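S.K.: kindly return the folded structure for what I paste below:
(chains A and B)
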Amino acid sequence: SQTIHQWPATLVQPVGSPLSLECTVEGTSNPNLYWYRQAAGRGLQLLFYSVGIGQISSEVPQNLSASRPQDRQFILSSKKLLLSDSGFYLCAWSGGQGAKYFGPGTRLTVT
Amino acid sequence: EDKVVQSPLSLVVHEGDTVTLNCSYEVTNFRSLLWYKQEKKAPTFLFMLTSSGIEKKSGRLSSILDKKELFSILNITATQTGDSAVYLCAVVGYGGSQGNLIFGKGTKLSVKP
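M.R.: Residues are numbered from 1 along each chain as shown, chains lettered A, B, ... in the order given. Take a look at the predicted model:
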């Protein structure tokens, strides 16, 4: 069965510091992968999706970036964090009929 | 513009009650509708609905889709305190961002003992 891992689970970072969040998927090959953010009191927002190695599409303009260096690895990065980057970051992979299965998430607090 | 509207936004019930959560949607080229349960962590998948009138059931939870009237309901019978969570509805359309989910804002369910 498929398993999705994210780390770290929680992170507290100062404004202006860099960010790297990692997501890996087991039990499937060539998955479609997604990064979502859930800010406090708001719904889930799609940030990036990837259909394969090196293929990244961005949904919203922001100071975040994503990379997919390996088939089952998806990384979310920032060079300089903003206060507004605080939130719950979720990696997901896509199953049949568009269903999405989420990883455990990383709770980021920017101070 | 694609959108998903859930109601009510919050609900407080007592253990043993039955609840019905609503989800209405507008989406181009509908593909599927999904229900998730979110406690203080990542959303967990409950149901995926693609056809009208076919009930999906898992224990005390059930859901059905009406593609003509563009809505779905999630029923929970004999509620327990462990059912307390935010229930998210999302729809997927063909095309767009490789099957991006459009989420509703969720219904926060609180079950009192």
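
S.K.: which pLDDT value does the model give the spatially closest residue to A:T3 that is not a sequence neighbour?
M.R.: Excluding its sequence neighbours, the residue lying closest to A:T3 (CB to CB, 6 or more residues apart in numbering or on different chains) is A:E26, at 4.5 Å. From N, CA and C alone the C-beta is placed, and that goes for glycine too. The per-residue pLDDT reported for A:E26 equals 92.

S.K.: so A:E26 versus A:Q73, what's the distance?
M.R.: 11 Å (CB to CB, to the nearest Å).

S.K.: B:T18 now?
M.R.: In terms of CB to CB, B:T18 sits 44 Å off from A:Q73.

S.K.: quick one: which of the two has more around it?
M.R.: Shown here are B:T18 and A:Q73; by other CB atoms under 10 Å in any protein chain shown, A:Q73 has more neighbours (15 against 11).

S.K.: hey, what's that one bridged with?
M.R.: Using DSSP bridges, the bridge partners assigned to A:Q73 are A:T24, A:Q70.

S.K.: what residues does it make contact with?
M.R.: Counting by CB atoms under 8 Å, 6 or more residues apart in numbering or on different chains, A:Q73 touches A:22-25.

S.K.: contact partners for the residue nearest to A:T3?
M.R.: A:E26 neighbours (CB under 8 Å, 6+ apart): A:2-5, A:72.

S.K.: need those in TSV (columns: pLDDT and secondary structure).
M.R.: Output for these, formatted as TSV (pLDDT from 0 to 100; DSSP: H, G, I helix; E, B strand; the rest coil):
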residue	pLDDT	secondary structure
A:Q2	78	coil
A:T3	88	strand
A:I4	92	strand
A:H5	95	strand
A:R72	92	coil
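
S.K.: what subset of those is buried?
M.R.: Neighbour counting over those (16 or more other CB atoms under 10 Å in any protein chain shown) leaves A:4, A:72 as the buried ones.
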